[in-house]
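>>> this one's structure only:
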C-alpha cells in the first residue's frame, strides 16, 4: 500500500527531561492529519498513546509513563505516514522519594486547580481542565486599547470561562492577525475538544488506565486467595485476619496522618477562600472602584462595571454578595443624582447634555432626565433673554455707553450659528444705502439697536442646541440604544437624519421618532414623545413670543399691552429711531428668521417673528417718510437763488433727490423676502402712507410759498455777485447785491412750472417703482396744491407789475388838460403810451432774465390788463372830435400792433371794443395819415420794440 504523506519526524520536545508522568509537548513534521490518524506514540520505549492529545500536524501533547530506559527517542506512528523517526531524545529522571512525614514544597496552579473530591470538572480530560489556549493555535496579542474594547463590547468579557464571554472580543484581542487557514485549524481543534467532552467519564478512565489495571489485578488475586481458603465465615479465618489487619492499618494511618491531613484541610480551606476572593474580587473592589472612577470622570467604566455586577449578582441570595451589591447600588444612586445635577446645570454644551442623558439612561434613572434637561434649557434661554433686557435698560439708566459698541454698518458681519449660513448671514446693509452715505458713515449704535443685536445673537446661539436636543430626544439618539456599538435604527448615522428635507413638518418628525422607538421596543419612550410634542411646541412658541415681545417693547412699545410693557419694555423717554437704524434692525430680524428656518423649525412657530418684521417694516416706512418731511421743511434754508439757463434754482432737484434717497433707503424694507407679506397689504397702511406722501409734497409747496413771501431783509444773496458759475443768459441778477420780491416771485414761479411738468411726475414714477399705493391720488392732490400756489403767485406778480402800468394810463391820457373833443391833429403817439410800453418792456426784461418761458404767460396777462383799461377809458369818452378820434385810433393801434405776439382772445376783444367806441375814419386821407404815423412810431421805437418781435413760444397757461 502506497502512502500519500511523509513519515512523521520529531524535531523537538519540551521539556526534554523529567520524572514519570511529566507533561511534555512534542513538535515536528507530519505528526498526523487528526486525532484518529495518530496510532502510536512511544517515549523511551513506553507507550504514551493513551495520554496523547493531537493538537496539529506539528504538535502533540502527552505525559511520559514509567519507562525502563533512562533515555530514549520519541517515535510517532500515523496511519498516513507510518512509523516515524526522531532527531531529539528524552531523559527520564528518577523521582525523589519523600517520606510520609517529610515536608515538601509543591507549586499549586490555582487556575488549574482540580478538586477530586467534589469532581467539579467531571467528564473533562485531565490535560484540558481549563486550557489557556482553547483554539490550539499560536496566540498573537493585539494592540487594541483595553478601554476601547470595553466600550465596544459593554458588559462582555474575553474570558472564555465567563458567563458573558464574547468570542469577537477574544478573537480581536488574541488573534487579530491570524490567517484564515489557522482559524480553520482552530475550528477543527474546537470540534475535537467538543467530541472529547461528549465521551463523559470514559475520558477520565483513559487518563488513569494503568492505575485501574493495577487495582483490578490486586483485587483479582485477593479474590482467588479467598476462594482457595474457603473459610470466609470461620473465626480466625484469613478473611477475619485480613479485616483486622486493615482496621489496624487504618487506625495507625489515621494516627500518623491526622496532623498532616489537618494541615492539608486547612490549606485547602485557605486555598478555596483565596479562590473565592480571586474569583469575586471584582464585586468586592467595585464600590471603591466606582468612587475612584467617579472622581476621575470615567462614567462609562462605572456604568459597564455596574451592568456587569448587576447581571452577575443582581439576584444573588448569598448574604456577602447582597451586602456588597447593596453598597454598589448606594454608590450608583449617588452617581445618578450627580449626573442629574450636572445635566440640569446651565450653561452646558449639547455634547455634555447628550452624554449625561445617555449615562442616566444606562443607569436606568427614574423619570425622564432628557425631558428635564429640555425644560431646564428652556427656562435658561428665557432667563438669558430677560437678563439681556435688564442689562441694557440698567445700562441706559446708569452708564449710557455700557452696551453701545461702535459698529460699522458697511462692514459689520454677523457671526453665523449654522455652518451653511456662514457665507450668507452678513449684516452688510446692501447697495440701497450706498448712494446716500459717504465714507464718514459711522454711528454709535443706539442702545435699543445694540440690544436687539445682542438678543438675537443670544437666541441664535442657544436655540439651535435646544432644537437639536429635542430632535435627538425624538429619534432616540440620546439614549443608549443608539450608541454606535449596538444595533440601532436606520437613522443612526446622523442625528438630524429625520429632518433631511426642509419641508418636513414638526408632526412628521415626531411620528418618525415614535416609529423608531416602537421598532426598538421602547413603547414607553414612544408614548413620551407623543405626550411631549405639544409641550415642546409651546416651549418654542414661548421663546419666540418672548423674543418678539422684547423687541416690540424696545422698538414698538405701542404694539404691546400695558402689562407687557412693564415686563418687556422699560425704554421710556427714548426718542424714535431713524429709518436707517430701523432698516438695520429689520435686516437683523430677517437674518434671525433665516437662521431659525435653517434649523427646520416649522413656519407656524416662527409666524410671530414674521408679524414683527412686517410691523417693523411698516414702522420704518412711516418713520422714514416723517423724517423726509422734516428734511423737506429745511430745504428752504438751502435755497441759494442761483438761476440756471432754464430759470430754475437747485431747489426742485434737491427736493427730488431727497425723495429718491428716502425711497432708495426703503428699497430693502419694501422688498418682500420669502414668506413675507407686502408692507401695503393693509388698507390702513396704504392710507397712512398715501397721506404721508401727500403731506411731503404739500410741505414742499408750502416751502415754496414761504420763499416767495420772504421779506427782502431775510434773503441772503451776498454771495450772488461772487458766483460766476451760473449759466444764466444775461447774468443781470448778479449785477445787484440782492433780489427784489418780484424777482423771487418769478424764480418761485419758474420752479413751480418745472415741478408741475417734470419733478412731480418723476416722483410719481419713483413711488410706483417702489410699489406705493394710491399714486394717482398723491399726484392729483399734490398737483392741485402746486397749481393753486402757482396761480396765487402769478396773480400776485401780475398785480405788482400790471397795476402801476394800468394806473398810469388815465392820468397820462388827460395830462395837460387834453380833451378828445378839442385837440390838434395828431403828429404821433403821445408820451403816456410810450411810457406804458417802456414799463411793459421792463417787465419783459425782468421776466426774460429769470425765465424766458414765463415771458408769454406774464406779458399776455399784462397786455390784457392794459387793453382792458384802455377799452374802458375809450368807452367812457362821451364824444370824439375828428382829430381826437384819429389820435385815439393811432394810440390804440400802435399799442395793439406793438404787443401783437402777446395778444390773447381777451386782449383782442378789449382792443376791438376800444376801436368800436371810436368814430370810423371818413376819408382816405385820414387812413393814410394814420398809417404814416404808425410807421413813424414803429420806426422811431424800433430798438425798444425788438423784444416784442421774437417768435412767441407755446402759449402758457393763464
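Now that the structure is in, tell me what you want to look at. Owing to the predicted nature of the structure, the values given are computational and were not obtained by experimental measurement.

>>> next helix or strand past the longest helix along the chain?
Looking across the chain with DSSP state H, the single longest helix is helix 238-279. Sequence order places helix 281-296 as the next helix or strand after helix 238-279, per DSSP states H and E.

>>> Please work out the average pLDDT along that next one.
Mean pLDDT, helix 281-296: 85.

>>> Okay, buried residues for the helix or strand just after that helix please.
Per DSSP H and E, the first helix or strand lying C-terminal to helix 281-296 is helix 299-313. Of the residues in helix 299-313, 299-310, 312-313 count as buried by neighbour count, 16 or more other C-beta atoms under 10 Å. For every residue, glycine as well, the C-beta is placed using N, CA and C.

>>> next one: stretch 833-850
833-834, 836-837, 839-841, 843-844, 846-850.

>>> Now intersect those residues with the strands, please.
Using DSSP state E, no member of the buried residues of stretch 833-850 falls within strands.

>>> From these, pick the one nearest residue 691.
Minimum distance to residue 691 across the buried residues of stretch 833-850 is 34.6 Å, recorded for residue 850 (C-beta to C-beta).

>>> Find the helix or strand that the closest residue to that closest one other than its chain neighbours is a member of.
In space, and not counting its chain neighbours, residue 850 is closest to residue 746: 4.1 Å by C-beta to C-beta, 6 or more residues apart in numbering. Using DSSP H and E, residue 746 falls within helix 741-754.

>>> after that helix comes which helix or strand?
That would be, after helix 741-754 and using DSSP H and E, helix 760-769.

>>> so after that next one, what's the next helix or strand?
Past helix 760-769, the next helix or strand by DSSP H and E is helix 775-813.

>>> buried ones in that next one?
Of the residues in helix 775-813, those buried (16+ other C-beta under 10 Å) are 775, 778-779, 781-783, 785-786, 789-790, 793-794, 796-798, 801-802, 805-806, 808-809, 812-813.

>>> what's it packed up against?
helix 683-708, helix 741-754, helix 760-769, helix 831-850, helix 855-876 (3 or more C-beta pairs under 8 Å, 6 or more residues apart in numbering; DSSP states H and E).

>>> Show me which of the ones you listed has the highest average neighbour count.
When you average the neighbours per residue for each of the helices and strands packed on helix 775-813 (mean count of other C-beta atoms under 10 Å), helix 741-754 leads with a mean of 23.

>>> now residue 911, nearest residue through space, not along the chain?
Closest to residue 911 by C-beta to C-beta, 6+ apart is residue 896, at 4.7 Å.

>>> scratch that, residue 61
residue 53 (4.7 Å).

>>> quick one, phi psi at that neighbour?
In terms of degrees, to the nearest 10, the main-chain angles of residue 53 are phi -130, psi 120.

>>> What's the per-residue pLDDT of the residue nearest to residue 850 here?
Reading off the model, residue 746 has pLDDT 84.

>>> so who does the residue nearest to residue 911 touch?
Shown in contact with residue 896 (C-beta atoms under 8 Å, 6 or more residues apart in numbering): 867, 903, 911.

>>> just to revisit the earlier point, isn't the residue nearest to residue 850 up against residue 854?
Yes - judged on C-beta atoms under 8 Å, residue 746 makes contact with residue 854 at a distance of 6.4 Å.

>>> residues shared between the contacts of those two?
647, 847.

>>> Now do stretch 65-83: everything it contacts.
So stretch 65-83 is contacted by 3-8, 10, 13, 20-21, 26, 28, 30-33, 36-48, 51, 60, 84-86, 88-92, 210 (C-beta under 8 Å, 6+ apart).

>>> Worst mean pLDDT across the helices and strands of this structure, which element?
helix 506-519 (a mean of 53; mean pLDDT, DSSP states H and E).

>>> contacting residues around residue 752?
For residue 752, the contacting residues are 704, 786, 789, 790, 793, by C-beta under 8 Å, 6+ apart.

>>> And the nearest residue to residue 811 once chain neighbours are set aside, how far from residue 894?
Using C-beta to C-beta, 6+ apart and skipping residues adjacent in sequence, the residue nearest residue 811 is residue 832, 7.7 Å away. In this view, residue 832 and residue 894 are 12 Å apart by C-beta to C-beta, to the nearest Å.

>>> likewise residue 681?
69 Å.

>>> So if I had to pick from those two, which one is more boxed in?
The residue with more neighbours, out of residue 681 and residue 894, is residue 894; 24 against 12, by other C-beta atoms under 10 Å.

>>> My guess is the more buried one contacts residue 829. True?
Yes - when contacts are counted by C-beta under 8 Å, residue 894 is listed as touching residue 829 (5.0 Å).

>>> Please enumerate the shared neighbours of these two.
residue 937.

>>> Could you list the low-confidence segments of the stretch 551-700 of the chain?
561-575 (pLDDT under 70).

>>> one more time with 50, if that's ok
The model of the stretch 551-700 of the chain has no residue with pLDDT under 50.

>>> Quick one: the strands in it, in order.
Remark: no strands are assigned in the stretch 551-700 of the chain by DSSP state E, counting those that start in this stretch.

>>> residue boundaries of the helices in it?
When secondary structure is read from DSSP state H, counting those that start in this stretch, the stretch 551-700 of the chain shows helices at 562-568, 579-598, 607-633, 651-665, 667-670, 683-708.

>>> got those as a markdown table, with distance to residue 344 columns?
Output for those, formatted as a markdown table (distance: least, C-beta to C-beta, whole Å):
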| stretch | distance to residue 344 |
| --- | --- |
| helix 562-568 | 26 |
| helix 579-598 | 25 |
| helix 607-633 | 28 |
| helix 651-665 | 48 |
| helix 667-670 | 43 |
| helix 683-708 | 47 |
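
>>> Most tightly packed of those?
helix 579-598 (a mean of 22).

>>> Which pLDDT value does the model give residue 450?
We have a pLDDT of 87 for residue 450.

>>> Is it correct that it is in contact with residue 392?
Yes - here residue 450 reaches residue 392: they are 7.1 Å apart, a contact under C-beta under 8 Å.

>>> Which of the residues in stretch 938-953 are classified as buried?
941, 945, 948.

>>> Tell me the spacing between the first one and residue 297.
The gap separating residue 941 from residue 297 is 114 Å, by C-beta to C-beta.

>>> What of the last one?
As for residue 948, its distance to residue 297 is 107 Å (criterion: C-beta to C-beta).

>>> hang on, the residue nearest to residue 811 packs against residue 809?
Yes - contact criterion C-beta under 8 Å: residue 832 and residue 809 qualify, at 6.6 Å.

>>> Share the number of residues neighbouring residue 159, please.
Residue 159 has 12 nearby residues by other C-beta under 10 Å.

>>> Low-confidence regions, the stretch 401-550 of the chain specifically.
401-442, 481-505, 520-521.

>>> Quick check: phi and psi at residue 16.
phi -90, psi 10.

>>> per-residue pLDDT, the closest residue to it other than its chain neighbours?
For residue 16, ignoring the flanking residues on the chain, the nearest one in space by C-beta to C-beta, 6+ apart is residue 90 at 6.0 Å. Per-residue confidence (pLDDT) for residue 90: 92.

>>> Direction included, what does the strand or helix carrying residue 73 pair against?
Following DSSP H and E, one finds residue 73 within strand 71-78. Sheet partners assigned to strand 71-78 using DSSP bridges are listed as strand 38-43 (antiparallel), strand 82-83 (antiparallel), strand 89-92 (antiparallel).

>>> one step back: which one of the buried residues of helix 299-313 is nearest to residue 760?
Nearest to residue 760 among the buried residues of helix 299-313, with distances taken as C-beta to C-beta, is residue 299, at 76.8 Å.

>>> Count the neighbours of the residue lying closest to the closest one once chain neighbours are set aside for me.
In space, residue 299 comes closest to residue 359 once its chain neighbours are excluded; the distance is 5.1 Å by C-beta to C-beta, 6+ apart. Close neighbours of residue 359, defined as other C-beta under 10 Å, add up to 23.

>>> Check which helices and strands the strand or helix carrying residue 359 sits against.
Here residue 359, judged by DSSP H and E, is contained in helix 350-362. Secondary-structure packing of helix 350-362 (3+ C-beta pairs under 8 Å, 6+ apart): helix 299-313, helix 319-344, helix 369-397, helix 447-475.
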